[in-house]
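Trainee: fold the stuff below for me.
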Amino acid sequence: MLVRHRLGLLASAWCVAIASLGAQSPKASRIPFEKLTLPNGLEVILHVDRSVPIVTVNTWYKVGSGDEKPGRTGFAHLFEHVMFMGSQHVPVGKFDEWLEAAGANNNGSTTTDRTNYYETGPSNALPLMLWLDADRMGWLLPTMDKPKLDLQRDVVKNERRQNTDNVPYGKAYETLLPVMYPPDHPYSWDVIGSMVDLSAASVGDVSEFFRKYYAPNNASIAIAGDFDADSAKAWVRKYFGMIPRNADAPVRPTVPAARLVKDTVMVLEDRVQLPRLYYMWHGVKAFSADEPALDALAAIIAGGKSSRLYRSMVYEKQIAQDVGMNNSSDKLDGVILLSSTAKPGVHPRQLAAEIDAAIRDVAERGVTERELTRVKNGVRASLLDELSSVLGKADRLNYYNYFAGTPEYIDEDLARYERLTVADVQRVAKQYVSGRARIALTVVPEGKKELALAAGGSR
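Mentor: Down below sits the predicted model:
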């Protein structure tokens with residue numbers, strides 16, 4: 001499963017639930033955990049939850065498409081698929097078969113910054129889950145061969161066709177990225193990678209990628225659910241303890257801050273029925289001081305059906321099929337993306353005029369306390385909904401462990417949003433969006449370039 005930045009109906013996740021949760025204690029959401037590190041560098045995070053007889057194992061490898069190089073794109077996602085193709089003690093197909101026989105399921109995902117694998121099932125399946133994950137971490141390479149690689153290469157290519165090449169508006173994001181970032185920046189390509197690079201990947205290339213990144217000292221495992229902590233620790237030491245660490249732990253790339261110095265206007269012809277307008281600005285890295293305010297700004301302007309632009313463009317004036325805005329903060333950088341699809345007969349410049357007016361209004365007049373409260377309530381509701389499952393808890397623990405440096409960050413994370421003021425939101429509107437350099441991309445039906453936004457847009 002590929003995880004990537006979403007296009008089209010971009011809505012802040014927390015805006016789907018706006019129950020009055022602000023009065024709840026910040027400490028109510030804390031996830032009790034225990035963390036240990038094996039001698040080989042593997043980080044292990046344990047959270048015991050006896051509420052239901054279910055357990056999940058969530059493994060994060062600290063590698064994503066942001067660790068790739070030009071000419072070698074798509075490797076992180078390709079390797080996610082390869083990891084399900086069996087290992088030295090697990091024949092091809094048995095990984096899924098044995099888990100399903102135990103009543104468990106599994107999957108994986110890839111982003112710019114990490115690759116994860118997870119299994120969820122009855123509590124008595126925990127030893128099997130850990131053994132299977134250990135076998136592919138430590139003993140995958142002896143069984144790696146060209147037929148396996150070719151099979152998964154074809155699967156990934158087909159996934160690219162389904163999600164990028166042959167889907168309406170599918171190439172918009174990878175059209176924006178090379179303009180947003182210089183060619184050597186690891187965020188200048190999409191997670192899926194290019195067909196050329198996927199075709200060129202050899203067994204040697206993939207094996208080198210595994211040796212560099214798939215080591216215990218570049219991974220963390222979160223175990224959450226109904227289990228005995230002492231037994232789990234014993235199984236982890238037994239199955240993972242003998243896997244050697246890499247002598248040199250991978251170092252994530254360091255890149256200078258990328259900046260847009262002027263507006264860029266582009267048009268992309270596609271097999272679509274209606275034109276769609278995209279705006280993209282530079283944002284901030286994950287856990288930067290301005291991340292919460294940018295999240296709130298995106299939510300208020302176009303994050304969901306109660307947002308300003310959705311009300312005006314979709315409900316009232318009925319000039320747009322949809323509109324959405326999202327702030328995405330990743331490990332190395334962040335982007336702010338707004339998109340809107342025109343109604344039949346509506347030119348994108350009408351959308352641009354409405355969007356630009358809404359952004360100017362926030363920059364000049366600010367937002368209301370009520371709007372900000374809705375965002376804060378939604379943030380808490382979304383997080384509590386995620387924590388309602390053991391898989392959500394495990395993933396959140398791994399996320400904080402990698403991005404914030406400690407699994408114990410949930411209260412601090414919520415506090416960042418509770419501290420937001422209307423002045424913060426107005427400030428970031430001026431600092432990052434209103435009047436700032438941006439990319440404007442119009443995706444238009446083939447042969448209909450006259451429907452593209454002209455240089456300057458509505459400014």
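Trainee: which residue ranges of the stretch 51-200 of the chain form strands?
Mentor: 54-61, 105-110, 115-122 (DSSP state E, counting those that start in this stretch).
Trainee: would you put the C-alpha positions of the shortest one in CSV?
Mentor: Put plainly, it is strand 105-110. Provided in CSV are the C-alpha atoms of strand 105-110 (Å, rounded to 0.1, in the frame of the first residue of the first chain):
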residue,chain,number,x,y,z
ASN,A,105,-4.0,-9.7,8.8
ASN,A,106,-1.1,-7.5,7.6
ASN,A,107,-0.2,-4.7,5.3
GLY,A,108,2.4,-2.0,4.8
SER,A,109,2.8,1.6,3.5
THR,A,110,5.4,4.0,2.2
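Trainee: quick one: list the elements packing against it.
Mentor: Using 3 or more Cβ pairs under 8 Å, 6 or more residues apart in numbering; DSSP states H and E, the elements in contact with strand 105-110 are helix 75-82, helix 94-101, strand 115-122. (Glycine included, C-beta is placed from N, CA and C.)
Trainee: for residue 164, find the nearest of the strands of the stretch 51-200 of the chain.
Mentor: Closest to residue 164 of the strands of the stretch 51-200 of the chain is strand 105-110 (Cβ to Cβ; 14.2 Å).
Trainee: mind listing what's buried in the closest one?
Mentor: By neighbour count, with 16 or more other Cβ atoms under 10 Å as the criterion, the buried positions of strand 105-110 are 106, 108, 109, 110.
Trainee: ok, the last one touching residue 213?
Mentor: No - between residue 110 and residue 213 there is no contact under Cβ atoms under 8 Å: 12.0 Å.
Trainee: looking at the strands of the stretch 51-200 of the chain, spot the one closest to residue 168.
Mentor: With Cβ to Cβ, the closest approach to residue 168 among these belongs to strand 105-110: 23.2 Å.
Trainee: name the residues that touch the closest one?
Mentor: 1-3, 64-65, 76-77, 80, 83-84, 95-96, 99, 115-121, 191 (Cβ atoms under 8 Å, 6 or more residues apart in numbering).
Trainee: which one of the helices and strands packed on strand 105-110 is the most hemmed in?
Mentor: When neighbours are counted by mean count of other Cβ atoms under 10 Å, the highest per-stretch mean among the helices and strands packed on strand 105-110 falls to helix 75-82, a mean of 25.
Trainee: so how many other residues sit close to the closest residue to residue 403 other than its chain neighbours?
Mentor: For residue 403, the nearest residue in space outside its immediate sequence neighbours is residue 286; the separation is 5.2 Å by Cβ to Cβ, 6 or more residues apart in numbering. Applying the criterion other Cβ atoms under 10 Å, we find 18 residues in the vicinity of residue 286.
Trainee: okay, residue 286: pLDDT?
Mentor: On pLDDT, residue 286 comes in at 96.
Trainee: and for residue 247?
Mentor: Looking at residue 247, its pLDDT reads 87.
Trainee: and if you look at the one 5 residues further on?
Mentor: Each residue has a pLDDT score; the one for residue 252 is 81.
Trainee: was I right about it contacting residue 62?
Mentor: Yes - in this structure residue 252 lies within contact range of residue 62 using Cβ under 8 Å: 7.4 Å.
Trainee: give me the more crowded residue out of these two.
Mentor: Higher neighbour count among residue 252 and residue 62: residue 62, with 21 against 14, using other Cβ under 10 Å.
Trainee: the closest residue to that one other than its chain neighbours and residue 131, how far apart?
Mentor: Beyond its immediate neighbours in the sequence, the residue positioned closest to residue 62 (Cβ to Cβ, 6+ apart) is residue 218, lying 5.1 Å away. Using Cβ to Cβ, to the nearest Å, we find residue 218 at a distance of 20 Å from residue 131.
Trainee: and if you look at residue 255?
Mentor: Between residue 255 and residue 131 the computed distance is 38 Å (Cβ to Cβ).
Trainee: swap in residue 278?
Mentor: Counting by Cβ to Cβ, the gap between residue 278 and residue 131 amounts to 46 Å.
Trainee: for those two, indicate the residue with more neighbours.
Mentor: Neighbours per residue (other Cβ under 10 Å) separate residue 278 from residue 131, with residue 278 holding more: 26 against 16.
Trainee: skipping its backbone neighbours, what lies nearest the more buried one in space?
Mentor: Once flanking residues are discounted, residue 278 sits nearest to residue 441: 4.3 Å by Cβ to Cβ, 6+ apart.
Trainee: helix or strand for that neighbour, which one?
Mentor: Following DSSP states H and E, the helix or strand that holds residue 441 is strand 439-445.
Trainee: ok, and what's touching that strand?
Mentor: Here strand 439-445 makes contact (Cβ under 8 Å, 6+ apart) with 169, 172, 175-176, 179-180, 260, 263-281, 348, 352, 451-453, 457.
Trainee: what are the ranges of the strands in the stretch 301-450 of the chain?
Mentor: Per DSSP E, counting those that start in this stretch, the stretch 301-450 of the chain carries strands over the ranges 320-329, 334-342, 439-445.
Trainee: among these, which is nearest residue 185?
Mentor: Relative to residue 185, the nearest member of those by Cβ to Cβ is strand 334-342, separated by 12.0 Å.
Trainee: ok, now how distant is the residue nearest to residue 62 from residue 298?
Mentor: 32 Å.
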